[in-house]
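Q: How does the following fold in three dimensions:
(2 chains)
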Amino acid sequence: MNITCNQLDDLLFDGSPLAMETAARHATGCRGCAEQLATWNEISGTAQTMQTTWQNDLLWPRIERQLRQETRRSPLRSWYRIAAAVLLTVGLSATMWFAVREQNHDAAFDKDILRISAMDDVERAERTHVEAIRRLARLAEPKLESQPTPLMVSYKEKLMLLDDAIAECQANIDGNRQNAHLRDQLLAMYSEKQQTLEDVLREDTHEQTR
Amino acid sequence: MSGLISVVSSDNAMEVQQRASAEDRQLAASCTRGDTRVFEDIYRRYGDRMKSIAWNHLGNVSDAEDAVQETFLKIHRSASTYTGEASFSTWIFRILVNTCYDVLRKRRRRIEESPIEDMVETAERTAPSVDDAKRITLHKLLHELPEQRRSVFTLFEIEGLSHAEIGEILGISEGNSKWILFATKKELQQKWRKPTPHEHHV
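A: Residues are numbered from 1 along each chain as shown, chains lettered A, B, ... in the order given. Got it, this is the predicted structure:
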């Protein structure tokens, strides 16, 4: 097989005995390639003599000693690893638990603050409402006491029933401040009392216009 | 007929490989248990080649011995992770080469790094008729190469391993190993100048 100088690298890359034989055959008639091939082979030839070893009778005993120490340390190291893993797990869990708890606590605290604030607003409004109704009651009271007509007696009884119901409902609310149902009930009672008092006063006005 | 022979021989090869793999796994299991007799057997079988690979990577006997010792400790620590994909010897050489890389990196980090000329020590060679001047020149040239090129050259040209084995040791393909060897030898060819013994002594 004849080759050109450009193909020498392909043969060197191949490196098989046949390729090297072909390269050598080409090199016999080509000085440049012969020099290249000679260097190539010289490097390989030198490398093959570089396998290096030496006798050190102390090396194996040293390795063996280290291995024995390592073997003895291994179970201890495993325990250390397990202990470290347990500590890490406990530590992480505790941190996470505290973080979640703190977060929940903060959220609950915020919620409580909002709720208390809202309750205060409701109660303030209720107090104003109750005060207004009391003023209305004070206005209606002379009429209720001075005119013993059946209608007025009926209004008076209704107002007394409403006051009892309001007192009972208020007592229940004092025991459970956040019970919205009781508050609605109380509001309805006060509305009814307000309506009744307005009716009493209106009755008086009707009487006067008549 | 030839097809049948090739199938049979391929089956035999597979069987031998599987048996070798089972033996290797057994060897690895013994190493995990810390059976020093098994380690001694490994040392007797591969110790010389391990020392040679380490010496050709590190350039001095002391570091080479330390690397071999460290490799045995690493074998003990990680034998449980041996999967049997590569042969046990290839796996050992992979650990050794990586240990040598670690030593080289540590050495590079040291401020008072000694030049490689000072580190090349003489050791008793297996071939008594070597030309010391050529060998030392090649050794110096090898130490100027990047780690991977040096490893491929050392393992193929000096230790006589196949490209398939080198590929497994260095985690590269067989074709890549072949290409790296060619490129390395071309580079060495450019720098190679026949040294004379006189030059070496000077």
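
Q: Chain B contacts on chain A?
A: A:9, A:12-13, A:15, A:36, A:39-40, A:42-44, A:46-56, A:59-60, A:62-64, A:66-68, A:70-71, A:74 (C-beta under 8 Å from any C-beta of the partner chain). Placement of C-beta: from N, CA and C, glycine included.

Q: Now, the residues you listed that are in helices?
A: Mapping these onto helices (DSSP state H) picks out A:9, A:12-13, A:36, A:39-40, A:42-44, A:46-48, A:59-60, A:62-64, A:66-68, A:70-71, A:74.

Q: Which of those are buried? Put it as a PyMOL command.
A: Here is the PyMOL command that picks out the buried ones among those, judged by 16 or more other C-beta atoms under 10 Å in any protein chain shown:
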select buried, chain A and resi 12+36+39+40+42+43+44+46+47+59+60+63+64+67
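
Q: Could you report the distance from B:G84 to B:S151?
A: Separation of B:G84 from B:S151 (C-beta to C-beta, to the nearest Å): 23 Å.

Q: how about low-confidence regions in chain A?
A: Within chain A, the stretches with pLDDT under 70 are A:1, A:74-78, A:204-210.

Q: for it, what spans make up the helices?
A: Remark: helices assigned in chain A by DSSP H are A:8-14, A:17-27, A:31-48, A:59-146, A:150-175, A:180-209.

Q: The ones you listed: which one's closest to B:L145?
A: B:L145 lies closest to helix A:31-48 among the helices of chain A, at 12.4 Å (C-beta to C-beta).

Q: angle of that closest one against helix A:17-27?
A: On the basis of axes from the mean of the first three to the mean of the last three C-alpha atoms, to 10 degrees, helix A:31-48 is oriented at 140 degrees to helix A:17-27.

Q: helices or strands next to helix A:31-48 in the packing?
A: helix A:8-14, helix A:17-27, helix B:132-143, helix B:174-191 (3 or more C-beta pairs under 8 Å, 6 or more residues apart in numbering or on different chains; DSSP states H and E).

Q: Swap in 6 Å and give it another go.
A: In terms of contacts (3 or more C-beta pairs under 6 Å, 6 or more residues apart in numbering or on different chains; DSSP states H and E), helix A:31-48 is packed against helix A:17-27, helix B:132-143.

Q: how about those helices, which one is nearest A:A118?
A: Nearest of those (C-beta to C-beta): helix B:132-143, 80.9 Å.

Q: before we move on, which element is the residue nearest to the spatial centre of chain B in?
A: Nearest to the mean C-alpha position of chain B, by C-alpha atoms, centre = their mean, lies B:I53 at 4.1 Å. Per DSSP states H and E, B:I53 falls inside helix B:36-58.

Q: tell me the mean pLDDT over that helix?
A: The pLDDT scores in helix B:36-58 average 93.

Q: returning to that earlier point: please report the distance of the residue nearest to the centre of chain B from chain A.
A: Distance, B:I53 to chain A, by C-beta to the nearest C-beta, to the nearest Å: 9 Å.

Q: what's near enough to touch that residue?
A: Neighbouring residues of B:I53 by C-beta atoms under 6 Å, 6 or more residues apart in numbering or on different chains: B:L96.

Q: Report the contact partners of B:K51.
A: Per C-beta under 6 Å, 6+ apart, neighbours of B:K51: A:T53, B:A64, B:V68.

Q: Now for A:H26: which residues touch it?
A: A:I3, A:C33.

Q: ok, now with 8 Å
A: The contact partners of A:H26, by C-beta atoms under 8 Å, 6 or more residues apart in numbering or on different chains, come to A:N2, A:I3, A:C5, A:L8, A:L11, A:C33.

Q: Keep only those of the contacts of B:K51 that are in strands.
A: Residues of the contacts of B:K51 located in strands (DSSP state E): none.

Q: Any of those residues buried? List them.
A: Among the contacts of B:K51, the ones that count as buried (16+ other C-beta under 10 Å) are A:T53, B:A64, B:V68.

Q: Name the nearest residue to the last one, ignoring sequence neighbours.
A: Pointing back at B:V68 there. Distances taken as C-beta to C-beta, 6 or more residues apart in numbering or on different chains place B:M50 nearest to B:V68, at 5.0 Å, with adjacent residues excluded.

Q: where does that neighbour sit relative to B:E159, distance-wise?
A: For B:M50 relative to B:E159 (C-beta to C-beta), the value is 10 Å.

Q: and these two? which has more neighbours close in?
A: B:M50 (25 against 19; other C-beta atoms under 10 Å in any protein chain shown).

Q: and the more buried one, what does it touch?
A: B:V68, B:T71, B:I92, B:F93, B:L96.

Q: so the fourth one touches B:G167, yeah?
A: So the one you mean is B:F93. No - contact criterion C-beta atoms under 8 Å: B:F93 and B:G167 do not qualify, at 11.9 Å.

Q: Which of these two has more residues huddled nearby?
A: Relative neighbour count places B:F93 above the other of B:F93 and B:G167, with 26 against 20, counting by other C-beta under 10 Å.

Q: Contact partners for the more buried one?
A: Neighbouring residues of B:F93 by C-beta under 8 Å, 6+ apart: B:Y46, B:R49, B:M50, B:I53, B:L155, B:L161, B:E165, B:I169.

Q: quick revisit: can you lay out the helices of chain A as a markdown table showing distance to B:K191?
A: Output for those, formatted as a markdown table (distance: least, C-beta to C-beta, whole Å):
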| stretch | distance to B:K191 |
| --- | --- |
| helix A:8-14 | 16 |
| helix A:17-27 | 21 |
| helix A:31-48 | 10 |
| helix A:59-146 | 34 |
| helix A:150-175 | 99 |
| helix A:180-209 | 93 |
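
Q: Among those, which comes closest to B:Q26?
A: Taking the helices of chain A one by one with C-beta to C-beta, helix A:59-146 is closest: 18.4 Å.

Q: And that closest one, how far out from the chain middle?
A: 12 Å (C-alpha atoms, centre = their mean, to the nearest Å).

Q: Which elements pack onto it?
A: helix A:150-175, helix A:180-209, helix B:36-58, helix B:61-78.

Q: now the residue nearest to B:V68: how far from B:I92?
A: Separation of B:M50 from B:I92 (C-beta to C-beta) stands at 7 Å.

Q: Spell out which residues are contacts of both of those two.
A: Common neighbours of B:M50 and B:I92 (C-beta under 8 Å, 6+ apart) are B:T71.
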